[in-house]
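[1] Below are the sequence and a predicted model for it; my questions follow.
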Amino acid sequence: MIPNLFERELRDVSLAPGAVLLSGFARSFEEPLVAALHRVVELAPFRHMLTPGGRRMSVAMTNCGAVGWVTDRTGYRYDARDPGSGRLWPPMPDVFGDLATQSAERAGFGGFAPDACLINRYEPGARLSLHRDKDEEDFEAPIVSVSLGLPAVFLFGGTARADTPRRVPLTHGDVVVWGGPSRLRYHGVLPIEAGDHPLMGGCRINLTFRKAA
Ligand code: SIN
Ligand code: FE2
């Protein structure tokens, strides 16, 4: 068989019990997904939020959905309103919800209905240190994380901060789902290297879908 060098095959890679990399799964959603992303960002622009300790995050963020994840000097929380404008976050586009639900289903989590989508923009050098997603009200639902644009090295750790994380290369269209016994695993992103992506330009965008409330 002659391998097709231009179209990567869909491939699922188990990372841990309840955690899987769905290589290229978002590719077939690409066109409406990116169009919807641009509309959300017009209504709720990217901004660099402050950590509770007062540091400016290197990752720029925005949200869509019923609630959005925010951080400032008072702490981390989910809020129905964009603190930048005082308006509700833009509604979650159907294509976002469909991709999240179908990804979760493929990973073994049926009926995932996210109410929050955190949108992260990484410019070269931006990184996300090891953390757990634990500001949600319950941990029954998985996390669905979609990568677009420049490649990244995703760190997927254990349930203790000291556990050595696995390095998982992610490229445009990859989806990682973690839930069940992996729901509270530590994870992060190494500094992004400069590059130029044909569709997304000089940055990486990550969509993180959650059931927050
Ligand atoms: C996150 O943990 O919020 C984002 C992970 C990523 O950018 O891949
Ligand atoms: Fe996270």
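    Structure's in. What do you need? Ligands and ions are numbered 1, 2, ... in the order given.

[2] how about the residues of this protein that lie near ligand 1?
    Residues of the chain that fall close to ligand 1, judged by Cβ under 6 Å from any ligand atom: 118, 120, 128, 145, 154, 187, 189, 206, 208. C-beta: built from backbone N, CA, C; applies to glycine.

[3] quick one: low-confidence parts of this protein?
    Across the chain, residues meeting the criterion (pLDDT under 70) sit at 1-9.

[4] how about the strands in it?
    With strands called from DSSP state E, the chain shows them at 11-16, 19-23, 60-65, 68-72, 75-79, 116-122, 128-131, 143-149, 152-156, 166-170, 175-178, 187-189, 204-210.

[5] can you put these in CSV and add mean neighbour count?
    CSV is the format used below for the strands of the chain (neighbours: other Cβ atoms under 10 Å):
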stretch, mean neighbour count
strand 11-16, 13
strand 19-23, 23
strand 60-65, 24
strand 68-72, 21
strand 75-79, 14
strand 116-122, 23
strand 128-131, 15
strand 143-149, 26
strand 152-156, 20
strand 166-170, 15
strand 175-178, 27
strand 187-189, 20
strand 204-210, 24
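
[6] how far away is the residue of the chain found nearest ligand 1 from residue 119?
    Nearest residue of the chain to ligand 1, counting by Cβ to the nearest ligand atom: residue 206, 3.3 Å away. Applying Cβ to Cβ, to the nearest Å, the value for residue 206 to residue 119 is 7 Å.

[7] and stretch 110-122, C-alpha only, in PDB?
    These are the backbone C-alpha positions of stretch 110-122, laid out as PDB (Å, rounded to 0.1, in the frame of the first residue of the first chain):
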ATOM      1  CA  GLY A 110     -21.600   9.300  26.000                       C
ATOM      2  CA  GLY A 111     -23.900  12.300  26.400                       C
ATOM      3  CA  PHE A 112     -21.200  15.000  27.100                       C
ATOM      4  CA  ALA A 113     -23.000  18.400  27.000                       C
ATOM      5  CA  PRO A 114     -20.400  21.100  27.700                       C
ATOM      6  CA  ASP A 115     -21.600  24.400  29.100                       C
ATOM      7  CA  ALA A 116     -18.200  26.100  28.900                       C
ATOM      8  CA  CYS A 117     -15.500  26.500  26.300                       C
ATOM      9  CA  LEU A 118     -12.200  28.100  27.300                       C
ATOM     10  CA  ILE A 119     -10.300  29.400  24.300                       C
ATOM     11  CA  ASN A 120      -6.600  29.600  24.700                       C
ATOM     12  CA  ARG A 121      -4.300  31.500  22.300                       C
ATOM     13  CA  TYR A 122      -0.600  30.600  22.500                       C
END
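
[8] Can you give the distance of that stretch from its chain's centre?
    7 Å (Cα atoms, centre = their mean, to the nearest Å).

[9] wait, which of the strands of the chain is closest to residue 39?
    strand 60-65 (9.3 Å; Cβ to Cβ).

[10] Remind me what that closest one packs against, helices and strands.
    Applying 3 or more Cβ pairs under 8 Å, 6 or more residues apart in numbering; DSSP states H and E, we find strand 60-65 packed against helix 30-43, strand 68-72, strand 116-122.
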